[in-house]
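Asker: Model the following, please.
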Amino acid sequence: GGSGSAAGGLVRRAWKQLFHNQAHDSAAGCGVDAAHLDVAARYRWAEQLAVAARDQALGQLRVDVPAGAQGHVIAFNPGPRVPAVMVETTVPVALLDGDVASRGPDGVLRPIQLLGGGEQRPIFEGEFPASELAQYLGGVDPKTPLFGKYLQGITATETAPGTVRLDVGLGDAAVTPESLADDQHRVEPLLKKAERFKVVMHYGALSRPALVEGGPAPELSLVPIAFVAGKPRADLPSVRKLDGAAVAIACGSITVTALDDGCIEIHDAACELRVRANDLVDDGDRGDLYHCDPLAPAIRPTLVRATVTEAGPLRGRIVLEQRLDVPAGLSADRSARGGEPRPTTVTTTVTLSAGARAVELVTTLDNRTTDHRLRALVHAPFRAERLDIDQGLGVVARPVDTSTLAGPPVAMEKPAPTGEHHRFVDI
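Answerer: A predicted model of the protein is given here:
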């Protein structure tokens, strides 16, 4: 909607919250705790308002369902034009027995990647005449267990003239009869015209989480993605897990390998570039709100395990779990790190997507200590001249030699030799 619509009003309110957070200390996150909590609350309000505006605007749009689709999803591309957009969704289990692919407006058949737990085999498969099934479906009792489980839902798919496939989901707890009423009503008309039913019982939901892709995706566009029978095109970029002892994934010329110390090596064979990344270092910090004052000793984590959790073809992921023993804080005179070390689990998820030339790293931890900083070092195989750093209001060029940024000797703020950023640092 335009500026006068309900969605436009929500957007104006969201911008107002963002403007209130543009004061110097608010934007930098270096105010006192009470002010920081207010800033965080305004960001939450802005996000909630923006989500509501987005949902209202999308609810007014109409996108035609792709012809011949056995299922579909509508993806939103919020950025510039890209060849294809990738989204997480769910795919009905009834489509997964044979060859299935996703198809965008360009007609290209792309692979569908099932996510965690998506390859469970059915508990039971069998065929029944409609006469046998009619009596059962008319009086199904969700409290009566089947194969030691309870009925969760039913979906029906007409696979051929006179033949209907029923997918039955089973779970550990019984549901109410009302929750199954809609499923039974959808099946009843099929009982009158179908001759045989193929019944497939699954433990869990009747759909599987999956990653699908479709294109092209114009700027700020809605992209209909259909699920259709067929084999994906063989010449598309594909992520794969590498065989052998190393924990590694690859796509095209790029290979990502987990190292024994918790770092990763990124190798681009196209230009013979090797980069060592995810070198985590924890320092003590006795500085103030503006300046870091590092305090030895620096501590590095130890690798607990490295696992390939997604092996393509659309997305590959390595999860690195490390243990970091962080001192509880500083000594009373703030001259040394002190207190009982607190074991902290640091988890880094490394993602490589098909067709992309970027490797994404996301690190999370439960921080229960004070007066320290955790840095992620990247070891580049060349001498860097400057850093282009993504900040809150734009991309800023910073020299590597911070002495060129120094002000007068009495300046309160000293330039930091680090690349603090929101999303990326371009070396």
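
Asker: Only alpha carbons, please: show whichever strand or helix holds residue 278 as PDB.
Answerer: Residue 278 belongs to strand 273-285 when assigned by DSSP states H and E. Extracted C-alpha coordinates of strand 273-285, given in PDB (Å, rounded to 0.1, in the frame of the first residue of the first chain):
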ATOM      1  CA  LEU A 273      43.400 -18.500  -3.000                       C
ATOM      2  CA  ARG A 274      43.500 -20.000   0.500                       C
ATOM      3  CA  VAL A 275      42.100 -18.200   3.500                       C
ATOM      4  CA  ARG A 276      42.100 -19.300   7.200                       C
ATOM      5  CA  ALA A 277      39.100 -18.000   9.000                       C
ATOM      6  CA  ASN A 278      37.100 -18.500  12.300                       C
ATOM      7  CA  ASP A 279      40.300 -18.100  14.400                       C
ATOM      8  CA  LEU A 280      38.500 -17.200  17.700                       C
ATOM      9  CA  VAL A 281      40.500 -15.300  20.300                       C
ATOM     10  CA  ASP A 282      39.200 -14.100  23.700                       C
ATOM     11  CA  ASP A 283      40.900 -11.200  25.400                       C
ATOM     12  CA  GLY A 284      40.400  -9.500  28.700                       C
ATOM     13  CA  ASP A 285      39.100  -5.900  28.400                       C
END
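
Asker: Please enumerate residues in contact with whichever helix or strand comes after that strand?
Answerer: Going down the chain from strand 273-285, the next helix or strand is strand 294-299, by DSSP H and E. If you take CB atoms under 8 Å, 6 or more residues apart in numbering as the criterion, strand 294-299 is touched by 281-286, 324-327, 330, 336-337, 373. From N, CA and C alone the C-beta is placed, and that goes for glycine too.

Asker: Buried residues, strand 294-299. List them.
Answerer: 295, 299 (16 or more other CB atoms under 10 Å).

Asker: so what strands line up beside that strand?
Answerer: Each strand paired with strand 294-299, and its direction, by DSSP bridges: strand 273-285 (antiparallel).

Asker: Give me the buried stretch members for the partner strand, please.
Answerer: Neighbour-count burial for strand 273-285 [16+ other CB under 10 Å]: 275, 276, 277, 278, 279, 280, 282, 283, 284, 285.

Asker: Quick check: the two most widely separated of those?
Answerer: 275 and 284 (27.8 Å; CB to CB).

Asker: Now do residue 114 against residue 57, distance only.
Answerer: 31 Å (CB to CB, to the nearest Å).

Asker: any weak-confidence spans in the stretch 1-150 of the chain?
Answerer: 1-5, 117-120, 133-140 (pLDDT under 70).

Asker: Okay, strands next: where are they in it?
Answerer: 71-77, 85-92, 100-103, 109-110, 113-114, 124-129, 150-160 (DSSP state E, counting those that start in this stretch).

Asker: Kindly compare burial across these and name the winner.
Answerer: With neighbours defined as mean count of other CB atoms under 10 Å, the strands of the stretch 1-150 of the chain peak in mean count at strand 100-103, which reaches a mean of 24.
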